[in-house]
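1. Below are the sequence and a predicted model; questions follow.
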Amino acid sequence: MTGPRHFLDLDRLDATTLRRLFARAIAFKAGEHKPVMAGRTLALLFEKPSTRTRVSFEVGAHRLGGHAIVLNSRDMQLGRGETVADTARVLSRYVDAIVLRTDAHHKLLELARSATVPVINGLTDRSHPCQILADILTIEERKGDIACRRLAWVGDFNNVCRSLVHAAGLLGFSLAIACPPELLAGDEPALAWARAQGATVTVLADPREAVRGADAVFTDTWVSMSDREGERKRALLEPYRVDGRLMRLAAPDALFLHCLPAHRGEEVTDEVIDGPQSVVFDEAENRLYVQMAILEWCLVG
């Protein structure tokens, strides 16, 4: 007997699986209706606030013919001492799949170990794989196969960046990361893994060098929710703001990506996020379709 099919991190998958997920996302975006969740219920566990993740998963479950239940920390006994394992065992008796959005990656792994239904990573402090699938779909809609492209990340080496590194290892695009050296501690395993897959991933201190000639430029908020080093990070990242001057170093048709919400004037200027190269709202829309594909993959293969 095989266990449930979880969606936890991109480095647990392969390129063929990612390509199948993109194909299904494109089909759903084109209007395909396949009620793979008819009679099924999705539990959304949110220990961190959410707009895009919550709405896109709720709408996605509904379009697939299913139903979603949203539980935050105030609704669950997790916040009152119940173990993650016990929560997983109980919810597995009620629902058909679980999405977790949490601070601690170990909670996701513990949930997956104990659940008898699929568990999906809706965001942890380590990774955000749903977001990166939406980002890659957005790039490929405009530029074709991402394998021949050069991408640049500017800012903190955070959970979104780490999932982008994993994607580089699977899909073969080159990635230049501009990040203060002081914020790189502990990220060597992700870089080593991607390079072992044959990916070209470079880490630079100068954002101008990273962005020069890039086909797409990514950034994210400098300070994540619950981050205790906010002021230190802001000081270190001040030179890493994506503004018009920096974007002009990228390829003339380069795209700008940000997972949102954005702190305008901090990591990105209005000129860039509202400019013609910005695809941030297309990214947000594509979360819906890639997550529909993920739900289908987890539930029916």
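-> That came through fine.
2. my read is residue 260 is in a helix, agree?
-> No - counting by DSSP: H, G, I helix; E, B strand; the rest coil, residue 260 is not part of a helix but coil.
3. Make sure it is actually in contact with residue 52.
-> Yes - using Cβ atoms under 8 Å, residue 260 is in contact with residue 52, at 6.5 Å. In this view, the C-beta of every residue, glycine as well, is placed from N, C-alpha and C.
4. Overlap in contacts, the two.
-> residue 284 (Cβ atoms under 8 Å, 6 or more residues apart in numbering).
5. Looking at these two, which is more packed in?
-> Neighbours were counted for residue 260 and for residue 52 using other Cβ atoms under 10 Å; residue 52 has more, 20 against 16.
6. Got the confidence number for the more buried one?
-> What the model reports as pLDDT for residue 52 is 96.
7. Show the contacting residues for it.
-> Contacts of residue 52 (Cβ under 8 Å, 6+ apart): 259, 260, 284, 287.
8. So the last one versus residue 60, what's the distance?
-> Okay, so that is residue 287. 9 Å (Cβ to Cβ, to the nearest Å).
9. what's next to stretch 202-211, contact-wise?
-> Here stretch 202-211 makes contact (Cβ under 8 Å, 6+ apart) with 152-154, 174-181, 184, 191, 217, 239-240, 242, 246-247, 249-250.
10. Can you flag which of these belong to strands?
-> When the contacts of stretch 202-211 are checked against strands (DSSP state E), the matches are 152, 153, 154, 174, 175, 176, 177, 178, 217.
11. Could you list the buried residues of the worst-scoring helix or strand of the chain on mean pLDDT?
-> Within the chain, no helix or strand scores below helix 230-237, which has a mean of 92 by mean pLDDT, DSSP states H and E. Neighbour-count burial for helix 230-237, counted by 16 or more other Cβ atoms under 10 Å, picks out 233, 236, 237.
12. So which of those is the closest to residue 15?
-> residue 237 (32.1 Å; Cβ to Cβ).
13. and the closest residue to the closest one other than its chain neighbours, how many residues sit next to it?
-> For residue 237, ignoring the flanking residues on the chain, the nearest one in space by Cβ to Cβ, 6 or more residues apart in numbering is residue 222 at 4.6 Å. Counted by other Cβ under 10 Å, the residues lying close to residue 222 total 22.
14. Just want the phi and psi numbers for residue 222.
-> phi -70, psi -30 (degrees, to the nearest 10).
15. Spit out the contact partners of it.
-> 155, 156, 233, 234, 237, 240, 263, 266, 267.
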